[in-house]
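[1] sequence-free structure coming up:
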């Protein structure tokens, strides 16, 4: 992210707003009508190189191939599970895509209603049919800890530039954290540290527009866990 | 349109009973993001009309047989609350609210990029808390703000307003008395970027000339409503940004 | 945000906190969420109130119209309460005629109002045996985050307290305030595991096995109760609920004045 003096003014646009008529390329969440580029979603106008796009401020997560997401089992069939991943559609998880050998009809012995899993989106086809898998490194059932839900559009801020933000929170709170691209974040650590990590993530979810968010988050964690800050300074 | 009255609806100076001129709309207030569970929501007041709209989705389409494999469907429920009118309305849908729900969903269908969400449903709920002529337009105006607030991709936001005729004058945005005792009512909604009409009804009695005037009055007023809709959405999200900025 | 099935992780977290007497929103077990209200917001109604308890948001409107009395109470007005859990309020609510949850809600609210004799129906008679005032209370939920019972009760009670009998509109004399004698207040407790909590939010309701709504009058006497849910409550828990209903009823009366 750019520093604040270099930051261009953020312009909130709504569907239909004209973004450009000077020949920029039409990027994400825009459409062209009579040679002019219009916004197709509520968000912040973003000009990058020679294209203009809109970064959404709200809306629902749409799965993209390769995303890691956190899901909740909401239905069970004899050879698959239906997983709620906060998208418009539940994701079917087939027994061939889990790291166990599951007999037909034996699905609920491995994953039951309400269980939380980390999944990868294998494929999204044109009709938005989704395939997900648990067969990849790091994918597994999540037990214990906490789940924080934030708007999916704020996930990139939680991760930060090359993972800097999430690393900061991990270091300061000593928590294990997994971030789902669908806005669900799993946090596990010692009692109070977990609370603080959860609150820090909620702050990012609420105030992701602030630019020096990393400083704010450090400050917040420092005020709640004075010990943690010292620890980091010593490092 | 059917009532009879001795009431003078438009005086010799062209002033209406609520003090407006022929081409003035009633005071309009719009707020976006007023509910917490819904994915998007809006509250609209037009004169004495008070309307809430909420949007859920895109989400799995129920009932399943309504699913469309190539795009999302828009399902709308317009509901008048029992106490919203002078005689208590029996709760539940009647033929009028079913019709309004249908034409509202169809108007929205034109601007929402439904092809992005095959098999899904986008559900729009409109609750009329207080009715005073013009609820379908207030409802559609609120619904399109709620859709944008929900982050649903759409080509444009739809404003709606009615024009009509009372005491022989073509008037914008009829109030209750003008609607009851007037001669015609023309609710309409447009896509502001192209001025295409997405909702139009008419009842009463108008000449070609009067109707043309009503439409041009309505289209002009729709553009005013549109500015208020955009302002409501920008206020909701810019207010938030300002708070954040002050932290820097 | 959508409301997916409550995850095992969230359920366990709620349970673990409760074991220490804590709740996910930071409340103690017998703390209520903040209550805000607005009355008279619907001019087309003869009385109206919108109540928010935390994020739960409910409106009640009263319409008072002349009608025929029931044959067995020829000189009494008529009181009717309806409630709708409209799909605006929650992703799990469906449109259609009121289901059993909405009907139970309306009946429990109705019972508190009726049994406390909040509305003096004997003063709602115009012509005995022929014409009386009929008072319709209609309740709609706009946002559901648990405890609709207390929110709906409060909205209905506030709407009634500010209602006006519209004599002028029907050529039946002057407009007069609806004759109201007291303020019935309901307090709902939910039982999660073996812990009682007041004013449950949505997630807490999802994992609670039973609930008890207790409505008291101004004197702290009991006027209506409803046990709900598939679990049970012990006699000792019942006594706790009754004590809390009286105490919190007093708190809520102080808030609404």
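    Good, I have the coordinates. In this text, all values refer to a predicted model and were calculated from it rather than measured experimentally.
[2] Please identify the residues of the stretch 151-257 of chain C in proximity to chain B?
    residue C:169 (C-beta under 8 Å from any C-beta of the partner chain). (C-beta placed from N, C-alpha, C; glycine too.)
[3] Can you name the residue of the stretch 151-257 of chain C nearest chain B?
    The stretch 151-257 of chain C approaches chain B most closely through residue C:169 (7.7 Å), counting by C-beta to the nearest C-beta.
[4] Tell me the secondary structure at that residue.
    Classification of residue C:169 by DSSP: H, G, I helix; E, B strand; the rest coil places it in helix.
[5] and what of residue C:25?
    Residue C:25 ends up coil, using three-state DSSP.
[6] Next one: the closest residue to it other than its chain neighbours from residue C:184, what distance?
    Nearest residue to residue C:25 in three dimensions, chain neighbours excluded: residue C:201, at 6.5 Å (C-beta to C-beta, 6 or more residues apart in numbering or on different chains). Here residue C:201 is placed at a distance of 23 Å from residue C:184 (C-beta to C-beta, to the nearest Å).
[7] so how far is chain B from residue C:123?
    Using C-beta to the nearest C-beta, to the nearest Å, residue C:123 is found at 20 Å from chain B.
[8] which SS state does that residue fall under?
    Following three-state DSSP, the label given to residue C:123 is helix.
[9] Surely it and residue C:77 touch.
    Yes. Here residue C:123 reaches residue C:77: they are 7.5 Å apart, a contact under C-beta atoms under 8 Å.
[10] With neighbour numbers in mind, choose between residue C:201 and residue C:184.
    Between residue C:201 and residue C:184, residue C:184 has the larger neighbour count (other C-beta atoms under 10 Å in any protein chain shown), namely 26 against 23.
[11] and the gap between the more buried one and residue A:196?
    Separation of residue C:184 from residue A:196 (C-beta to C-beta): 43 Å.
[12] Spit out the contact partners of residue C:130.
    C:68-69 (C-beta atoms under 8 Å, 6 or more residues apart in numbering or on different chains).
[13] got it, and residue B:80?
    By C-beta under 8 Å, 6+ apart, the contact set of residue B:80 is B:89, B:97, B:128, B:131, B:135.
[14] Let me know the pLDDT of the residue nearest to residue C:25.
    Model confidence at residue C:201, given as pLDDT, is 97.
[15] That one is in contact with residue C:144, isn't it?
    No. Residue C:201 is beyond contact range of residue C:144, at 10.0 Å (criterion: C-beta under 8 Å).
[16] Work out which residue lies at the spatial centre of chain A.
    Of all residues in chain A, the one closest to the mean position by C-alpha atoms, centre = their mean is residue A:181, 3.0 Å from it.
[17] hmm, back to that, neighbour-wise, which of residue C:123 and residue C:77 wins?
    Counted by other C-beta under 10 Å, residue C:123 and residue C:77 do not tie: residue C:77 has more neighbours, with 24 against 14.
[18] one step back: around the residue of the stretch 151-257 of chain C closest to chain B, how many other residues sit close by?
    Look at residue C:169: counted by other C-beta under 10 Å, it has 15 neighbours.
[19] For chain A, which residues are neighbours of chain B?
    A:4, A:10, A:12, A:14-17, A:29, A:31, A:33, A:38, A:40-43, A:56-60, A:62, A:88-90, A:127-128, A:153, A:207, A:209-212, A:216.
[20] what about stretch C:76-96, start to end distance?
    End-to-end span of stretch C:76-96 (C-alpha to C-alpha, to the nearest Å): 32 Å.
[21] can you give me how far that stretch is from the chain middle?
    Centroid separation between stretch C:76-96 and its chain, computed with C-alpha atoms, centre = their mean, to the nearest Å, is 12 Å.
[22] And for stretch B:142-158?
    That offset, for stretch B:142-158, works out to 12 Å (C-alpha atoms, centre = their mean).
[23] Check stretch A:212-226 too.
    The answer for stretch A:212-226 is 21 Å, by C-alpha atoms, centre = their mean.
[24] Which positions in it come out as buried?
    A:213-214, A:216-218, A:220-222, A:224-225 (16 or more other C-beta atoms under 10 Å in any protein chain shown).
[25] any idea which helix or strand carries residue A:203?
    Applying DSSP states H and E as the criterion places residue A:203 in helix A:191-207.
[26] ok, and what's touching that helix?
    Here helix A:191-207 has contacts from A:145-146, A:148, A:150-151, A:154, A:157-158, A:165, A:169, A:173-175, A:177, A:185, A:187-189, A:213, A:216-217, A:220-221, A:224-225, A:228, B:243-244, B:247, using C-beta under 8 Å, 6+ apart.
[27] Buried ones from these, can you make that a ChimeraX selection?
    The ChimeraX command for the buried members of those (criterion: 16+ other C-beta under 10 Å) is given here:
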select /A:145,146,148,150,151,154,157,158,165,169,173,175,177,185,187,188,189,213,216,217,220,221,224,225,228 /B:244
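[28] Flag the helix or strand of chain A with the lowest per-element mean pLDDT.
    Scoring the helices and strands of chain A by mean pLDDT, DSSP states H and E places helix A:226-234 at the bottom, with a mean of 56.
[29] who are the neighbours in contact with the residue of the stretch 151-257 of chain C closest to chain B?
    residue B:86.
[30] Distance-wise, check it relative to residue C:46.
    To residue C:46, residue C:169 is 9 Å away according to C-beta to C-beta.
[31] Quick check: next helix or strand after whatever helix or strand residue B:100 lives in?
    Taking DSSP H and E as the definition, one finds residue B:100 inside helix B:95-109. Per DSSP H and E, the first helix or strand lying C-terminal to helix B:95-109 is strand B:120-130.
[32] List the neighbouring strands of that next one plus their orientation.
    Next to strand B:120-130 in the sheet, as set by DSSP bridges, lie strand B:49-60 (antiparallel), strand B:73-80 (parallel).
[33] one step back: what touches both of residue C:201 and residue C:144?
    Contact criterion C-beta under 8 Å, 6+ apart; residues shared by residue C:201 and residue C:144: residue C:56.
[34] any idea which element the residue of the stretch 101-250 of chain C found nearest chain B lies in?
    Nearest residue of the stretch 101-250 of chain C to chain B, counting by C-beta to the nearest C-beta: residue C:138, 3.8 Å away. Under the criterion of DSSP H and E, residue C:138 resides in strand C:131-143.
[35] Stretch C:39-57 close to chain A?
    No. Using C-beta under 8 Å from any C-beta, stretch C:39-57 stays clear of chain A, coming no nearer than 14.7 Å.
[36] So for that stretch, what gets flagged as buried?
    Across stretch C:39-57, burial judged by 16+ other C-beta under 10 Å covers C:39, C:41-42, C:44-57.
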